[in-house]
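Q: I would like the atomic coordinates for the input below:
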Amino acid sequence: MNLKWKILVGVVVIGIIGLGMLANMNRPISEEAVREGIQKHLEKLVDENDSLSSALLTIYSNKTGSLQQFAIGTKSLSSNQPVKIDSQYHSASVGKTMCATVFGILVDEGRISFDDTIRAWLDDDILEGLFVLNGTDYSHQVTIRHLLKHTSGVGCYFGDPVKSGKTMEELITDNPDLLFTSEELIAFTREHQKPVGKPEQQFHYSDTGYILLGLIMEAIEGKSYSDILQERIFEPLDMKDSYLLFYQEEPAEILGIYLNGIDFSGRNALSIDWSSGGIVTTMDDLLTFMMALENGNLVSDEVHQQMTDFSERFEKGIYYGMGMMYFDFSELSFLLRSMTNVYGGMGITGTYMFYDKDKDTYFIANFGSLDFMEKSIQELIRIRMIYDKMIIE
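A: The predicted model follows:
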C-alpha cells in the first residue's frame, strides 16, 4: 500500500514533538520508570483514539539485553479479548523487506543479479502496457533493482489515481470481500493507471512493482511465493507464527485492521497485498527476522550494503533502499538532531520493524489502523523520548 501521502502529514508535526523532546531530554530515569512511562503512554493512546483497538510494542537493546514488550487493548473494537504480546497481526508493507531479502539470498547464491532485466522471467502478457510511456515500451530496460527500489516507473494499484472508475481504496471500502489474484492487481494498473516515468527516472512507491517481484520469484524458484517464504525465511529462522495470508490451512485470528471504519481482518480484500505485504506475523518473529538480517545470517555483507543503500529520496528526511525505509530525524526537524536514525520495514497500518544501528536497538510495533500511518512515526519519536532517558548501568 502506498505510504507517501500518509507520511507527509506526519512529518508536519514532528517539529512540534521536538520541542517537547528538548524540555525532557536531560532527565535520566530508571528502566522501571521507563517501562511505566511507556505503558501509561500507550494506554492513553488506545483510550483516546477511536480507530485503535490495540497497540503492540517491543524494544530490544542488543547492547544491554534489555527487552521491553507491551500489549495494550483488545483484539478488535468489537472484542473484549485482551491483546497479547504474541498476538498475530497483518504486517502490511513490512513484508516488502522479506521479499527483498529473498532476492538478496538468490543474488548470494549466484542465481540472479539485481541488475537482471525482468523480461527474463515475465512474459509479454504480464508486462503489456505497464511501462509504455508516450508510445515507447521501456519494459526491456526494467531490472529487479528498479522494482526493489521503486524506480521502475510503473504505477501503483493502491496509491495512484485512476483514469476512470473507482480507486482500489474505494473498491475495497465498497466491498471488503473482493478477492484479488496477483494477475488482477497488475491488470488494475494496466487498465486504470499509467506509468509515472522511464526506468530510473524517479522514485515512485509502487505496490504493483512488488507484485511483479513475487511473480519473478515464483518463476525463478519454480514454486509458490508462500512456499518460498516458508523455506527461505520462516522455517530457517523458526518463525512459527508467520505465514502468507490466504495460504495457511488454519489461518490465525489476526488483530483488527481498520480503514474508513471497517475492520478488514478476515476479509478477502487483504488479498491486495500478497508479495507487496501479505504476511501475518508476531512481534517476536519480526524481531527474530530483523536481527538475523542485521547479524548476517540471511544475506552477505555485500548484499546487505546494497539493500541498505538508501539513495532514493522518499521525502525530506525519509529514504528508501531495497524493501526498507530510512528515517533521518535530524533532517525531519533540527529539534530532533540528537535522536539516532532508524531503518527497516514499515506498513500503512501503523506497523513497523526498525533498527537503530548506532544504539544497536530494535523497535517493533503494530497499531492496526490506516489512521495511524503517520501517527506511528510520531509515537515512535515520543516513545524514544521516554526510552532514551533510561539510565544504563
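Q: can you show me the helices along the chain?
A: All helices of the chain, identified by DSSP state H, fall at 4-24, 31-48, 95-108, 124-127, 144-148, 168-174, 182-192, 207-221, 225-229, 283-294, 301-307, 329-332, 373-387.
Q: show me what contacts Ser51?
A: Tyr258, Gly261, Ser369, Asp371, Phe372 (CB atoms under 8 Å, 6 or more residues apart in numbering). Using the backbone N, CA and C atoms, a C-beta is placed for each residue, glycine as well.
Q: so how far is Gly256 from it?
A: Separation of Ser51 from Gly256 (CB to CB, to the nearest Å) stands at 10 Å.
Q: what do you get for Gly344?
A: Relative to Gly256, Gly344 is positioned 23 Å away (CB to CB).
Q: equivalent analysis for Asp285, please.
A: Between Asp285 and Gly256 the distance is 19 Å, computed by CB to CB.
Q: likewise Arg382?
A: To Gly256, Arg382 is 23 Å away according to CB to CB.
Q: which one's more surrounded, those two?
A: Comparing Arg382 with Gly256 by neighbour count (other CB atoms under 10 Å), the higher total belongs to Gly256, at 26 against 17.
Q: right, and that one touches Leu56 too?
A: No. Judged on CB atoms under 8 Å, Gly256 makes no contact with Leu56 at a distance of 12.0 Å.
Q: what sits against Lys163?
A: By CB under 8 Å, 6+ apart, the residues touching Lys163 are His192, Gln193, Lys194.
Q: any idea which of those has the most stuff around it?
A: That'd be Gln193 among those, by other CB under 10 Å, with 23 neighbours.
Q: gap between the closest residue in space to that residue that isn't next to it in sequence and Ser54?
A: Nearest non-adjacent residue to Gln193, counting by CB to CB, 6 or more residues apart in numbering: Gly155, 3.7 Å away. Applying CB to CB, the value for Gly155 to Ser54 is 33 Å.
Q: can you check His150 too?
A: Taking CB to CB as the measure, His150 falls 30 Å from Ser54.
Q: again with Phe158
A: 24 Å.
Q: Pro82 is nearest to which of the helices of the chain?
A: Pro82 lies closest, by CB to CB, to one member of those: helix 31-48, at 11.4 Å.
Q: residues in contact with that closest one?
A: With CB under 8 Å, 6+ apart as the test, helix 31-48 has contacts from 29, 52-55, 57, 59, 66, 68, 70, 72-73, 379, 382-383, 386-387, 389-391.
Q: repeat that for stretch 177-193.
A: The contact list for stretch 177-193 (CB under 8 Å, 6+ apart) reads 126, 128-130, 154-157, 160-165, 168, 171-172, 207-208, 211-212, 214-215, 267-269, 271-272, 274-275.
Q: give me phi/psi at Met239?
A: Note on Met239: backbone dihedrals following degrees, to the nearest 10 are phi -90, psi 80.
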